[in-house]
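S.K.: A structural model of the following input is requested.
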Amino acid sequence: EVQLVNSGGGLVQAGGSLRLSCAASGFTFDDYVIGWFRQAPGKEREGVSCIRSSDGSTYYADSVKGRFTISSDNAKNTVYLQMNSLKPEDTAVYYCAADRWYLGMEPQWYDYWGQGTQVTVSS
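M.R.: As a prediction, the model looks like this:
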């Protein structure tokens, strides 16, 4: 059974940092793309970043470039999203997701999803 478990969210002041984790199980981690998405109240889910562990390819949304860093620890089957210089507009529920083939940030192409973790950035 494929499982993705998100953790690491919380409340932080603007300018602060958080690190999100996505622990994966039930599939061959190296063969999959892991993406991070977020959804704010009243807004559509949007792609934040993704990584293909097998070769380290990454993508970032323009809104987070230079502030967020995605990485993977293949030994732990875990993907991280380091979020620095957080802004109030980063407030959302953050989800990780996995797909066997798609390296991109359109959520409809991802097959497996974590439960989400709340990130709240106060001004």
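S.K.: for Gln82, give me its contacts.
M.R.: By CB atoms under 8 Å, 6 or more residues apart in numbering, the residues touching Gln82 are 17, 19, 68-71. Every residue, glycine included, has its C-beta placed from N, CA and C.
S.K.: just among those residues, which is most surrounded?
M.R.: The most crowded member of the contacts of Gln82, judged by other CB atoms under 10 Å, is Ile70 (23 neighbours).
S.K.: hmm, Trp36 and it touching each other?
M.R.: Yes - using CB atoms under 8 Å, Ile70 is in contact with Trp36, at 6.6 Å.
S.K.: give me the common contacts of those two.
M.R.: With contacts defined as CB under 8 Å, 6+ apart, the residues shared by Ile70 and Trp36 are 49-50, 79, 81.
S.K.: of all those, which two lie farthest apart?
M.R.: Cys50 and Leu81 (10.2 Å; CB to CB).
S.K.: which residues are common contacts for these two?
M.R.: Here Cys50 and Leu81 share the contacting residues 36, 70, scored by CB under 8 Å, 6+ apart.
S.K.: so what does Glu89 have for phi and psi?
M.R.: With angles defined as degrees, to the nearest 10, Glu89 sits at phi -70, psi -10.
S.K.: can you give me the strands in this protein?
M.R.: 3-7, 10-13, 18-25, 33-39, 46-52, 57-60, 68-73, 78-83, 92-99, 112-113, 117-122 (DSSP state E).
S.K.: got JSON lines for those, with mean pLDDT and distance to Glu106 too?
M.R.: Formatted as JSON lines, those follow (pLDDT from 0 to 100; distance: least, CB to CB, whole Å):
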{"stretch": "strand 3-7", "mean pLDDT": "95", "distance to Glu106": "18"}
{"stretch": "strand 10-13", "mean pLDDT": "98", "distance to Glu106": "28"}
{"stretch": "strand 18-25", "mean pLDDT": "97", "distance to Glu106": "18"}
{"stretch": "strand 33-39", "mean pLDDT": "97", "distance to Glu106": "9"}
{"stretch": "strand 46-52", "mean pLDDT": "97", "distance to Glu106": "7"}
{"stretch": "strand 57-60", "mean pLDDT": "96", "distance to Glu106": "11"}
{"stretch": "strand 68-73", "mean pLDDT": "96", "distance to Glu106": "17"}
{"stretch": "strand 78-83", "mean pLDDT": "97", "distance to Glu106": "18"}
{"stretch": "strand 92-99", "mean pLDDT": "97", "distance to Glu106": "10"}
{"stretch": "strand 112-113", "mean pLDDT": "96", "distance to Glu106": "14"}
{"stretch": "strand 117-122", "mean pLDDT": "98", "distance to Glu106": "21"}
